[in-house]
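Q: With the sequence up front, the predicted model follows.
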Amino acid sequence: MTLIGMLHHRKDPENVVKSYAYAAVAKAEGAEFVYFTPGSVNLVNKSIRGKVYENGKWVEKLTRFPDVIYNAGSPEKLAKSKSIVNKLKRTIPFTTHSIGNKWSVNERLKAAKDFAQYLIPSEIVRNTESFFKFLNAFDKLVFKPIDGRKGKGIFFISKIDSGYQVNQGSQTNFYSKQQLKDFIQSKISSEKFIIQPYIKSVTKSGQVFDFRLHAQKDGEGNWVITTIYPRIAPIGSIIANINNGGYTNYLDPFLKQEFQQEAFNIKRTLEHFTLSLANHLDELQMLEHNEVIDEIGIDVGLDENHKIWIYEVNWRPGCPPAFYLEMDVVINTIRYAMYLATNQSEVKRKIMEVKRKKIEERGSIPIVGITGSAGKTTSKAFLASILSKRWNIFESKDYWNTTDHTKKHAEQISQEHEAVVLEYGMAYPGVITEHCSIIQPNISVVTNIGMAHIGNFDGDIKGIAKAKSEIIHGMDQNGVLFVNNDDKNSRLLETQQFKGKIFTVGVRTRADYRAYDIQYRDNGMTFKMNLQGDEHTLFIPIFGEHHVYNALNAIAVADYLGFSPMEIKSGLLFRKPPRRMTIYECKDQIKVIDDTVHSHPQAVMAALDVLTNIGKGRKIAILGQMRELGERRVEEYRRVGKYVKDQGIDVLFTYGFRADEIGNHAKRLGFPSQNIYHFTDREKLHNQLLNTIRAGDTVLVKGASKTNMFDTVKFLDETFGQ
């Protein structure tokens, strides 16, 4: 006869309400049952001095080791006896295994991909800056403790015209930005919190609701649905948890009332989702821990489009609060325990089969190569940030884009990586061909074709386009290519023989992925686009319309790879590459814009656009020389000079060999000569800046790394920094 043991941290089963039900059902099912604690285990004799239920009372009794153990105690309290519990696990199967807290379950599902589309993008709040970035992207969000239980400590925060609204339960508070910043800081300083976009899941009457999906394994080791029921929040509250005043209802009448003709389809969808997710989590447990799980409770919302969103997954959800289902839960548990006791070889065989299948399924992974005259690093950073919301990715370091770097990357990419994102730089013909021979992309992005390195191509833009086309010839010929439809020079790319798919991005022309209604905001840009059939407003935490193109490159690739709009919005809150439109807020309302990594004519004009749009006082441009323009140097410098004049810049500084042609041409077009300065000596430049810059000025410093223009940024920060 099978002996089932219930392991608990409490010594007396009288204090564990469910213990009697388990003892009674075990007897009815033809099994023996013993209740015990770690302290009652004798590891030497393999015996237990536990308690059995006989003649209406619990009696202490010495038994052999159980054939199977139902682990019912608190993991935190049983942790004190970890060594005993682990020794039991080595010889006796346990029915119940932890799948982790809310965050770790979310991360596991995200990494496994299959159910990632149902996850609400979530981030741990590291600081108030990351919190406000998230709020800028989503307008309304959920702020909750990472280890919270029973709906405790959950806040709903939204932007309103006059500030911010914070809801907890039925209580509402209104904060200024500083007050909200102080509130968030007070919370994250004592406990870990996560943030998520708010999912609107409400009844026709406006009450918040969710569904609890409860699944267990039965006496044959198969997943079955114990129950699915809705939980409805009280009027005025936004938490449906029963412990916070929420109430339950029967599934069928609730669905019929709320969804009418769609009720049957939604019910079937919820049932299929419950069993599919249970099997998926079970397989993840097998793959990662060589264990199986027996029971889960899944809380989900249903938005206005009837899309399911996972709120959280509990690995030991307990009995449903109504509907007389307590015995159903117990019966499934006992029957599964009896199955597990006698079918360990079958369970082990299944674990090995799942692992073998996983190895076979692993095929080629997305390898994304990004090239172009400008925007490679930022496009890469955007894309890597989005893909990392679901996958373990390999991302090349910022500005690591030479063939020597690609050789190093080839050595660093491992079987653990699920996607690769690289940038391929070039200054001469043949370089990108070498990149592709080292790591061949199956997805390629050409950001644009511009003047960078044109001096190495006899001043011919067609030569640049031909060299950039090497990525098209060198990639998987059945892969996917993304190009900029607004960039007239990109029409010179050699796409005629390419057999794969080609997608376009754009702002001013029709494209597969087109942004419109682009707006400058306090700390970044917003734009709209149609994505997966709906219009979405997106936010990027970096200034400049040219960075909207970089975001579009990433959005297009991520959408092609099946990422949801929610994941894309969250991923766009990326870690900005250093010295790319970095803003220094200095004393006396002086603002310094650092854009000192690369410099060529299009990039300079894009930076001047940012200066024009965010500068509130005088607009001062400090422009370093541009290298590798060859015979086109004078022509391009004059083009920049005209742009300086047309954009209404107030003061112009130029630095470096022959860069004075920018100012000379601006002066010929009517730019005030007294507001033009040129230097080849950095110290003299800095001295003049001391005499020129005053309160309220916005100062752009633009130049390539090789001209060391960042030294001027450091000087300004040290001089005017707060």
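A: Structure's in. What do you need?

Q: CA only for contacts and neighbour counts going forward, please
A: Will do.

Q: quick one, phi psi at V713?
A: phi -60, psi -50 (degrees, to the nearest 10).

Q: Please read off the pLDDT at it from the model.
A: V713 is assigned 92 on the pLDDT scale.

Q: Show the backbone phi and psi for S570.
A: Main-chain dihedrals, S570, degrees, to the nearest 10: phi -70, psi -40.

Q: ugh, wrong one, I540
A: I540 adopts backbone torsions of phi -120, psi 140, taken as degrees, to the nearest 10.

Q: Please tell me how far it sits from L531.
A: As judged by CA to CA, to the nearest Å, I540 and L531 stand 16 Å apart.

Q: higher neighbour count, these two?
A: More crowded of I540 and L531, by other CA atoms under 10 Å: I540, with 26 against 17.

Q: so that one bridges to which residues?
A: The partner list for I540 in beta bridges (DSSP bridges) reads M525.

Q: so who does it touch?
A: By CA atoms under 8 Å, 6 or more residues apart in numbering, I540 lies in contact with 137, 524-526, 548, 551, 572-574.

Q: List the contacts of stretch 340-354.
A: With CA under 8 Å, 6+ apart as the test, stretch 340-354 has contacts from 2, 67-68, 93, 95, 221, 283, 286-287, 290-292.

Q: switch the cut-off to 6 Å
A: Contact with stretch 340-354 is made by 67-68, 286, as judged by CA atoms under 6 Å, 6 or more residues apart in numbering.

Q: Give me the buried entries from these.
A: The neighbour count (16 or more other CA atoms under 10 Å) marks 67-68, 286 as buried among the contacts of stretch 340-354.

Q: Between these, which sits nearest P429?
A: M286 (50.1 Å; CA to CA).

Q: just to revisit the earlier point, got CSV for the contacts of stretch 340-354, with secondary structure too?
A: Below are those laid out as CSV (DSSP: H, G, I helix; E, B strand; the rest coil):
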residue, secondary structure
D67, coil
V68, strand
M286, helix
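
Q: Where do the domain boundaries of the chain fall?
A: 3-91, 102-119+202-359, 123-197, 367-571, 582-720 (automatic domain parsing).

Q: Quick one: end-to-end distance for stretch 193-212.
A: 23 Å.

Q: ok, and for the worst-scoring helix or strand of the chain on mean pLDDT, which residues are buried?
A: Here the helix or strand of the chain ranked lowest by mean pLDDT, DSSP states H and E is helix 102-112, holding a mean of 79. For helix 102-112, the buried set under the neighbour-count rule, 16+ other CA under 10 Å, comprises 102-103, 105-112.

Q: Including distance to E262, could those residues go into JSON lines?
A: Supplementary listing: the buried residues of helix 102-112 in JSON lines, determined by distance: CA to CA, whole Å:
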{"residue": "K102", "distance to E262": "31"}
{"residue": "W103", "distance to E262": "33"}
{"residue": "V105", "distance to E262": "30"}
{"residue": "N106", "distance to E262": "29"}
{"residue": "E107", "distance to E262": "32"}
{"residue": "R108", "distance to E262": "32"}
{"residue": "L109", "distance to E262": "28"}
{"residue": "K110", "distance to E262": "29"}
{"residue": "A111", "distance to E262": "32"}
{"residue": "A112", "distance to E262": "30"}
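
Q: Let me know the closest of those residues to S176.
A: Set against S176, the nearest of those by CA to CA is W103 (29.5 Å).

Q: got the contact list for the spatially closest residue to the closest one that is not a sequence neighbour?
A: In space, W103 comes closest to I146 once its chain neighbours are excluded; the distance is 6.4 Å by CA to CA, 6 or more residues apart in numbering. By CA under 6 Å, 6+ apart, the residues touching I146 are 192-194.

Q: Of those residues, which is the most crowded?
A: Result: F193 is most packed of the contacts of I146 (other CA under 10 Å), 22 neighbours.

Q: surely that one meets K144?
A: Yes: with contact defined as CA atoms under 6 Å, F193 reaches K144; the gap is 5.4 Å.

Q: Where does pLDDT dip in the chain?
A: Across the chain, residues meeting the criterion (pLDDT under 70) sit at 148-151, 241-246, 318-326, 359-363, 455, 458.

Q: V300: neighbouring residues, count only.
A: 23.

Q: What of F174?
A: 17.

Q: so it is in which element?
A: Assessed by DSSP states H and E, F174 sits inside strand 171-175.

Q: what residues does that strand touch?
A: By CA under 6 Å, 6+ apart, the list of residues contacting strand 171-175 reads 163-166.

Q: Tell me the neighbouring strands of that strand, and mark each as parallel or antiparallel.
A: strand 163-168 (antiparallel).

Q: Assign H435 to helix, strand or coil.
A: Classified using three-state DSSP, H435 is helix.

Q: Give me the spatial nearest neighbour of it, chain neighbours excluded.
A: Once flanking residues are discounted, H435 sits nearest to T403: 5.5 Å by CA to CA, 6+ apart.

Q: how far away is the one you found from M426?
A: Distance from T403 to M426, by CA to CA: 9 Å.

Q: residue boundaries of the helices in the stretch 501-650 of the chain?
A: Assigned by DSSP state H, counting those that start in this stretch, the stretch 501-650 of the chain shows helices spanning 545-560, 565-571, 601-614, 633-646.

Q: Of these, which is nearest R268?
A: Of all the helices of the stretch 501-650 of the chain, helix 565-571 comes closest under CA to CA, at 24.9 Å.

Q: Show me what that closest one is in contact with.
A: 121, 385-386.

Q: and of those residues, the nearest to L608?
A: Taking CA to CA as the measure, L608 lies nearest S385 of the contacts of helix 565-571, at 27.0 Å.

Q: Is it correct that that closest one falls within a helix?
A: Yes: judged by three-state DSSP, S385 forms part of a helix.

Q: what sits against it?
A: 571, 574.

Q: so how far is H417 from it?
A: 14 Å.

Q: And for E123?
A: Distance, E123 to H417, using CA to CA: 21 Å.

Q: ok, I195 - how many residues close by?
A: 24.

Q: Bridged to it, which residues?
A: Bridge pairing for I195 - DSSP bridges - gives E123, F143.

Q: wait, doesn't it sit right on K140?
A: No: assessed by CA under 6 Å, I195 is found out of contact with K140, at 10.2 Å.

Q: In which helix or strand does G670 reside?
A: Counting by DSSP H and E, G670 is found in no helix or strand.

Q: any idea how far the closest residue to it other than its chain neighbours lies from R491?
A: Computed as CA to CA, 6+ apart, the closest residue to G670 that is not its neighbour in sequence is K645, at 7.6 Å. Look at K645 and R491: by CA to CA, they are 30 Å apart.

Q: Next: T203.
A: On the measure of CA to CA, T203 and R491 end up 51 Å apart.

Q: quick one, which of these two is more surrounded?
A: Neighbour count, other CA under 10 Å: between T203 and R491, T203 has more, with 18 against 15.

Q: Please state the offset of the least confident helix or strand of the chain from the chain centre?
A: 11 Å (CA atoms, centre = their mean, to the nearest Å).

Q: what's the answer for stretch 144-162, then?
A: 19 Å.

Q: Equivalent analysis for stretch 638-652, please.
A: 40 Å.

Q: neighbours around K358, how many?
A: So K358, with other CA under 10 Å, has 12 neighbours.

Q: wait, I meant E54
A: Using other CA under 10 Å: E54 sits among 11 other residues.

Q: and it, what are its bridge partners?
A: K57.

Q: One more: F211?
A: Applying DSSP bridges, one finds that F211 bridges with P230, V300.
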